[in-house]
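Student: Here is my input, please return the structure:
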Amino acid sequence: MRIAKRNDWKTEPMPSLSKNIMLEKVYSQEEFDRIAAGVIPEQMEDKWFIFYEAPWLYLHRSWTGFCIFKVRFEVVAENVKIAEVQVNRDPAQYSNTDDQRDASMLGILLDSRSERDVRNQMLGYIKAQSSN
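Tutor: Prediction:
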């Protein structure tokens, strides 16, 4: 498996218009290793470029290179937990302003990378979106 690095894709830094949001997640070291390996888009449908530079995981939109999320991790005992999440709030780069929606989407992205089952999370996310 190829490990994603910053220079594998076009990236823009997180803008100054950003916000910290809450997301509490704990991963085993094995799950975290899968997350930290990142994602290099291979086709047009791949929406994310993800790479890890300790202690931050960067999640960029693949088409624009805009940084949408930055996630700082810390080791706790034998696990790795989310310590901080920053989300892009520059309306010229990212139109969402709903913290809960962003936390849900990020949780799904991270859990799917860790190879956790995200079907129930996806159903909840879709239901929440359809009620808005």
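Student: so where's this structure uncertain?
Tutor: Within the chain, the stretches with pLDDT under 70 are 1, 119-132.
Student: What segments of it are helices?
Tutor: 29-36, 99-113, 119-130 (DSSP state H).
Student: Next, the angle helix 29-36 makes with the longest one.
Tutor: It refers to helix 99-113. Helix 99-113 runs at 110 degrees relative to helix 29-36, counting by axes from the mean of the first three to the mean of the last three CA atoms, to 10 degrees.
Student: now helix 99-113: how far from the chain's centre is it?
Tutor: 7 Å (CA atoms, centre = their mean, to the nearest Å).
Student: With only the CA atoms kept, save that helix in PDB.
Tutor: Only the C-alpha atoms of helix 99-113 are listed here, as PDB (Å, rounded to 0.1, in the frame of the first residue of the first chain):
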ATOM      1  CA  ASP A  99     -20.800  21.700  12.800                       C
ATOM      2  CA  GLN A 100     -22.800  18.500  13.500                       C
ATOM      3  CA  ARG A 101     -23.000  17.700   9.800                       C
ATOM      4  CA  ASP A 102     -19.300  18.200   9.400                       C
ATOM      5  CA  ALA A 103     -18.500  16.000  12.500                       C
ATOM      6  CA  SER A 104     -20.800  13.300  11.100                       C
ATOM      7  CA  MET A 105     -19.200  13.400   7.700                       C
ATOM      8  CA  LEU A 106     -15.700  13.400   9.100                       C
ATOM      9  CA  GLY A 107     -16.500  10.500  11.500                       C
ATOM     10  CA  ILE A 108     -17.800   8.500   8.500                       C
ATOM     11  CA  LEU A 109     -14.600   9.300   6.500                       C
ATOM     12  CA  LEU A 110     -12.300   8.300   9.300                       C
ATOM     13  CA  ASP A 111     -14.200   5.200  10.300                       C
ATOM     14  CA  SER A 112     -14.400   4.000   6.700                       C
ATOM     15  CA  ARG A 113     -10.600   4.500   6.300                       C
END
